[in-house]
Every structure is written in C-alpha cells, then in structure tokens.
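# Build me a model:
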Amino acid sequence: MLNRFFPAALLAGLAACQSASAPATTAPAAAQPSEISMPPATSASTPEAARAAVARYLQNQPNAALYVPDSASIIDVDAHWQVLVPRTDWAKRMPNKAAFEVDKATGQVVTRPVK
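The predicted structure is shown next:
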C-alpha cells in the first residue's frame, strides 16, 4: 500500500508546486552584474570622488554592511583609481580588503579580483 501511495503523493506535490503563469523570457541587460554606471556628467577625477562612487556602488549590494568605505585606500593608476575597501568579515585573513576599479572619465565602478 505504501508503494502505491508514494508515487501519487509525489505527483500531487509536484503539481502543487507548478506556477500558474509562464516564466518571463526577457533577455537580461547587457551590463555585467559587477558594474554600475554613474550619470554621464559625473566623473571621478579626484580620490574623494572615487571613494564616493564606490560607496554608492556598495549601497546597492546585498552585503553592504560588511564593507567599510570610510577606511578605503585609493591608488592612482593611469586612467582609473584602484580602491581597496576593508571588509569586516575578512578581519583576520589576508587579503582583508575588496578591490574596486573606478574609471576617472566615466565614474564606472568594476569589482576586481583579489589575490
């Protein structure tokens, strides 16, 4: 009897999980998820502007509370700024900072891998 009940219960459970509407098939935006663009008129020509751009970028992240943008170190690298932001959950490991690149002309923020 258990052998007959299990398949019926399984099918009933699967039928209940089916959604009534069809899933949306819209194409995702062409931008990478690790990028955010500032308004076209805004540039990041100073270290303070780069820090502010990264702070705005981090506010939109789900784990924004882990970052300490006020303690970020900023390095001038040709046409962009490299911004290293400490993370509270990385306190006792190396590296303990997340890296971001801010384009000086556009203010675009891109995450960078840390080794």
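
# need the contact list for the residue nearest to Asp89 when sequence neighbours are not counted.
Nearest non-adjacent residue to Asp89, counting by C-beta to C-beta, 6 or more residues apart in numbering: Leu66, 5.3 Å away. For glycine as for every other residue, the C-beta is placed from the backbone atoms N, C-alpha and C. Taking C-beta atoms under 8 Å, 6 or more residues apart in numbering, we find Leu66 in contact with Arg87, Thr88, Asp89.

# And Leu66, how far from Arg51?
17 Å (C-beta to C-beta, to the nearest Å).

# do the same with Ser43
Distance, Ser43 to Arg51, by C-beta to C-beta: 14 Å.

# Of the two, which one has the most company?
The neighbour comparison of Ser43 against Arg51 (other C-beta atoms under 10 Å) goes to Arg51, with 21 against 18.

# what's near enough to touch the residue lying closest to the more buried one once chain neighbours are set aside?
Residue nearest to Arg51 in three dimensions, not counting chain neighbours: Ala72, with 5.5 Å by C-beta to C-beta, 6+ apart. Contact analysis of Ala72 by C-beta under 8 Å, 6+ apart lists Arg51, Val54, Val83, Leu84, Val85, Pro86.

# Of all the residues in the strand or helix carrying Arg51, which ones are buried?
If you go by DSSP states H and E, Arg51 is part of helix 47-59. Residues of helix 47-59 classed as buried by neighbour count (16 or more other C-beta atoms under 10 Å): Pro47, Ala49, Ala50, Arg51, Ala52, Ala53, Val54, Ala55, Tyr57, Leu58.

# still on that earlier bit, which of the contacts of Leu66 sits closest to Pro95?
Closest to Pro95 out of the contacts of Leu66 is Arg87 (9.4 Å), distances taken as C-beta to C-beta.
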